[in-house]
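Chemist: starting from these lines, generate the structure:
(chains A, B, C and D)
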Number of protein chains: 2
Amino acid sequence: MNDATPLRHGQADLRCLEPHAPGPECTTCPVRQQALFAVLQPEERERVREQVAHLGFGPDESLYSRAQPAPAVFTIRAGVVRFERPTTHGTRRVVRLAGPGDLIGTEALLDLPYADEAVACTAVEACRIPKSAIDELNRHSERLTQELMRRWQLALEASECWLTELSTGTAMRRMLGLLDRLQRYADPEGLIWMPRRDEIGSMLDMTVETASRQISQLRREGVLELHGARQARLCASAFEAALRRCGAN
Amino acid sequence: MNDATPLRHGQADLRCLEPHAPGPECTTCPVRQQALFAVLQPEERERVREQVAHLGFGPDESLYSRAQPAPAVFTIRAGVVRFERPTTHGTRRVVRLAGPGDLIGTEALLDLPYADEAVACTAVEACRIPKSAIDELNRHSERLTQELMRRWQLALEASECWLTELSTGTAMRRMLGLLDRLQRYADPEGLIWMPRRDEIGSMLDMTVETASRQISQLRREGVLELHGARQARLCASAFEAALRRCGAN
DNA sequence: CGAGCCGTTGAGGGGATTCAAGCTCAGTGG
DNA sequence: CCACTGAGCTTGAATCCCCTCAACGGCTCG
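Modeler: Sure thing, here's the model as predicted:
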C-alpha cells in the first residue's frame, strides 16, 4: 500500500490525503451524523474546516504515542483503531477499540500527554483537529462542551465494558466477546476485520497458540468462516449456540 | 455499626449525617484541596453549600445502582468505593476503585443513568451534589467545566490502568497489583484496607480459594502482615522482591 | 449451642501455557 | 525456475497454574 517499510509500531508517517484543501468533505462525510461536529452550527463548522487535516494510516501505523505531547484530537472516519499501553511486565495490552464516528485523543484538550498509543488495525481515515480549534469553539458553543463530556463518558463505558466482557472467564468466552465487538465494525457485506493471532493475544491476555486454538475450534463448529487472512464472517445462530455452550461452563 | 441489617448489595439507606445544616464543613473538609469545588470562588461555593448533603455509608451499602436514574454526583470525603457491573455470565466484576477526593457518578450530568453500581468498601463519607447545582455553576464557571473534563479523564485513566495492571498475568501478579493500589488509600499509620477474599475474587477475576492462597503465601514471605480481618500492612522491601520474583516468571 | 459466614488448606482435574515441530505463503536472489 | 528465508498460523505433547470440590477451624450471632 505504501512504498515505505510497513513499520510495525513505528512512528506515524502522517500522510495527508488532502493537505490544505479540506474541500467539501465535511458535509459528505460518512460519519457526519455521529461525529463531534454534528452538534455545531454550519457557520461554526465552516470556521474550523480549514484547520482540520484529513489523514490516512496503514495497518500497524500509530496515530499517536503514549506520553507524547498532545496537540490534537482525531475523529475516525473509517477503519478500526486499538489503544495499547505497556504493562509493568513489559508486554503490551490492548485496552479499547475505536471505530467510525469515535473521537479519540481527548487528553489533548486538558493539556495532558496522550494516555495510550493509538494504532491503526485496518486502513484508517481520520480527521485531525488541533486543540486550538476546539478551544475556540468551546468558548462559544455550550452544545460542544456537552458533547465532549458525552464522548468522555463513552470512552469510559467502552473501557469498563472491555473489562467485564473481554477480561473475564475462559479463553473461549473472551474470544466470543471479542468477535461480538468486532461485529459492530462489520462492513456492509457482513465481513468483520480479523486480527492477527498475536493481536488477539494482547487484547484478551492469552498466548498466540491459545488464540489460534479457539479460532480453529470456532471454525470447526461453523461459528466463524475465514475469508482470507484478515477477514471473516460470523454465523449468528451458531454464535448464539457457542455463547450458550460456554455460558453453561 | 448500624442498627439496621448489614444489607449486602441492598439499597442504600441514605443516612444523612447533617441533613440540612451543612455547616462550615466545606472549608474544613479533609479533601478540600483535591475536591471538585476547589476550583470555585468562595462566593460560588457559598451558593451551592446548602444543596450539598453530607452522607455516610457502611461497608457493602451502595451509593447508587447501575441503570438507575442519576440525579446527583458524589464527592468522596473518606473511605474506599468500588464500581461493580454484572458480566453477561451473571457474575459481578469490579472495574474500578475510588477514594477520598474523587468525583463519582458524573453520568448524572449528561442525563444518563448510572453506569455502574457504586458500593462502599469501608465506612464511607460522601457529599451528594445535585445535578442542578453543577449545571448552574457550569454556566458561569469555565474552570469548573474544565475540571469536570479532567475528572472524566481521571476515571478513564483509572479504568485502563485497572485493565493493564489488575487483569493481566498470573494470580500473584494481579494480587500484587491490587495491593499496590490499596496502598494509595492507606491511613496515616500505613494500614491498608484488606478486602474480603470474595471481593478480591471479583476484582481480579479469580476464585476465593486462589485469593486466599495468594494472601497466605504473601504472609509467609513477609510481604503482608494482617492486622485483624479488614486491615493489613505491606513491607515495602519484601513487596519489591515479590514483584521481581514474579516478574521473572 | 448450632447455624452461618469467612478464611484456610488439601486433593484432583481441566484449561492455558510452554516448548516444539510443521505448514502455507510472499518475497528474495541465485 | 527453485531453493531459501522469515512471518504468521496451526497442531501436538508435556507441564503448570488455577478451578472445583471438599473438609475444617475460628468467629459472630440468634
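Chemist: what about the residue in chain A positioned nearest to DNA strand C, distance to residue B:52?
Modeler: Residue nearest to DNA strand C within chain A: residue A:210 (2.9 Å; CB to the nearest atom of the strand). C-betas here are computed from N, CA, C, even on glycine. Between residue A:210 and residue B:52 the distance is 51 Å, computed by CB to CB, to the nearest Å.
Chemist: and the strand or helix carrying residue A:178, what does it pack onto?
Modeler: Per DSSP states H and E: residue A:178 is located in helix A:171-183. In terms of contacts (3 or more CB pairs under 8 Å, 6 or more residues apart in numbering or on different chains; DSSP states H and E), helix A:171-183 is packed against helix A:142-166, strand A:192-193, helix A:197-204, helix A:208-220, helix A:236-247.
Chemist: can you convert these into a markdown table and add a column each for mean pLDDT and mean neighbour count?
Modeler: Converted to a markdown table, these look like this (pLDDT from 0 to 100; neighbours: other CB atoms under 10 Å in any protein chain shown):
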| stretch | mean pLDDT | mean neighbour count |
| --- | --- | --- |
| helix A:142-166 | 96 | 20 |
| strand A:192-193 | 98 | 20 |
| helix A:197-204 | 98 | 20 |
| helix A:208-220 | 98 | 16 |
| helix A:236-247 | 92 | 14 |
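Chemist: format the ones you listed as JSON lines; extra columns: distance to residue B:196.
Modeler: Output for those, formatted as JSON lines (distance: least, CB to CB, whole Å):
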{"stretch": "helix A:142-166", "distance to residue B:196": "20"}
{"stretch": "strand A:192-193", "distance to residue B:196": "41"}
{"stretch": "helix A:197-204", "distance to residue B:196": "28"}
{"stretch": "helix A:208-220", "distance to residue B:196": "31"}
{"stretch": "helix A:236-247", "distance to residue B:196": "26"}
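Chemist: for those, give me CSV that also has distance to chain B.
Modeler: As requested, the helices and strands packed on helix A:171-183 are exported to CSV (distance: least, CB to the nearest CB, whole Å):
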stretch, distance to chain B
helix A:142-166, 4
strand A:192-193, 19
helix A:197-204, 9
helix A:208-220, 14
helix A:236-247, 6
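Chemist: which stretch among those comes nearest residue B:187?
Modeler: Among the helices and strands packed on helix A:171-183, helix A:142-166 comes nearest to residue B:187, with 27.9 Å by CB to CB.
Chemist: is that closest one positioned near DNA strand C?
Modeler: No - Helix A:142-166 lies apart from DNA strand C when judged by CB under 7 Å from any atom of the strand; the minimum separation is 13.1 Å.
Chemist: could you give the angle of that helix to helix A:197-204?
Modeler: For helix A:142-166 and helix A:197-204, the angle between their directions (axes from the mean of the first three to the mean of the last three CA atoms, to 10 degrees) works out to 100 degrees.
Chemist: give me the element residue A:55 is part of.
Modeler: Counting by DSSP H and E, residue A:55 is found in strand A:53-57.
Chemist: picking that back up, quick one: residues contacting the residue of chain A closest to DNA strand C.
Modeler: Listed by CB atoms under 8 Å, 6 or more residues apart in numbering or on different chains, the contact partners of residue A:210 are A:171, A:201.
Chemist: what does stretch A:177-193 contact?
Modeler: So stretch A:177-193 is contacted by A:80, A:97, A:99-100, A:121-122, A:165-166, A:194-195, A:200, A:203-204, A:218, A:224, A:227, A:230-234, A:239, B:88 (CB under 8 Å, 6+ apart).
Chemist: repeat that for stretch A:156-165.
Modeler: A:95-98, A:174, A:177, A:180-181, B:83, B:85-88, B:93, B:95-96, B:115-116, B:152, B:155-156, B:159-160, B:162-163, B:167.
Chemist: hmm, 7 Å instead?
Modeler: Stretch A:156-165 is contacted by residues A:95-96, A:177, B:85, B:87-88, B:93, B:95, B:115-116, B:152, B:155-156, B:159-160, B:162-163, B:167 when judged by CB atoms under 7 Å, 6 or more residues apart in numbering or on different chains.
Chemist: what about stretch A:91-100, near chain B?
Modeler: Yes - applying CB under 7 Å from any CB of the partner chain, one finds stretch A:91-100 touching chain B at A:93, A:95.
Chemist: for that stretch, list every residue counted as buried.
Modeler: Within stretch A:91-100, the residues scored as buried using 16 or more other CB atoms under 10 Å in any protein chain shown are A:92, A:93, A:94, A:95, A:96, A:97, A:98, A:99, A:100.
Chemist: same check on stretch A:28-35?
Modeler: A:29, A:31, A:35.
Chemist: pull the residues that contact it.
Modeler: By CB under 7 Å, 6+ apart, stretch A:28-35 touches A:26, A:38, A:75, A:77, A:78, A:100, A:101.
Chemist: now the third one: which helix or strand?
Modeler: Here residue A:75 sits within strand A:72-78, counting by DSSP H and E.
Chemist: can I get the CA coordinates of that strand in CSV?
Modeler: Output of strand A:72-78 as CSV, limited to C-alpha atoms (Å, rounded to 0.1, in the frame of the first residue of the first chain):
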residue,chain,number,x,y,z
ALA,A,72,-4.8,17.5,18.5
VAL,A,73,-7.8,15.2,18.7
PHE,A,74,-8.9,12.8,16.0
THR,A,75,-12.3,11.8,14.6
ILE,A,76,-12.2,8.4,13.0
ARG,A,77,-13.9,8.3,9.6
ALA,A,78,-13.2,4.7,8.6
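Chemist: packing partners for the next helix or strand after it?
Modeler: Per DSSP H and E, the first helix or strand lying C-terminal to strand A:72-78 is strand A:81-86. Where contact means 3 or more CB pairs under 7 Å, 6 or more residues apart in numbering or on different chains; DSSP states H and E, strand A:81-86 is packed against strand A:92-98, strand A:117-120.
Chemist: what about the longest one, near DNA strand D?
Modeler: No - Strand A:92-98 does not reach DNA strand D (CB under 7 Å from any atom of the strand); its nearest approach is 13.9 Å.
Chemist: repeat that for stretch A:201-208.
Modeler: Yes - Stretch A:201-208 reaches DNA strand D (CB under 7 Å from any atom of the strand) through residue A:208.
Chemist: what is the distance between that stretch and the centre of its chain?
Modeler: 18 Å (CA atoms, centre = their mean, to the nearest Å).
Chemist: which residues touch that stretch?
Modeler: A:92-94, A:166-167, A:171, A:174-175, A:178, A:197-198, A:211, B:167-168.
Chemist: distance check, residue A:245 against residue A:221.
Modeler: From residue A:245 to residue A:221 the distance is 9 Å (CB to CB).
Chemist: and if you look at residue A:165?
Modeler: 20 Å.
Chemist: residue A:197 now?
Modeler: 18 Å.
Chemist: got the contact list for residue A:83?
Modeler: With CB under 7 Å, 6+ apart, residue A:83 has these contacts: A:94, A:95, A:96, A:116, A:118.
Chemist: tell me the confidence at it?
Modeler: Here the pLDDT value assigned to residue A:83 is 98.
Chemist: which SSE is immediately downstream of the helix or strand of chain A with the lowest mean pLDDT?
Modeler: Of all helical and strand segments in chain A, the minimum by mean pLDDT, DSSP states H and E falls on strand A:15-16, at a mean of 44. Using DSSP H and E, the helix or strand that follows strand A:15-16 in sequence is helix A:25-28.
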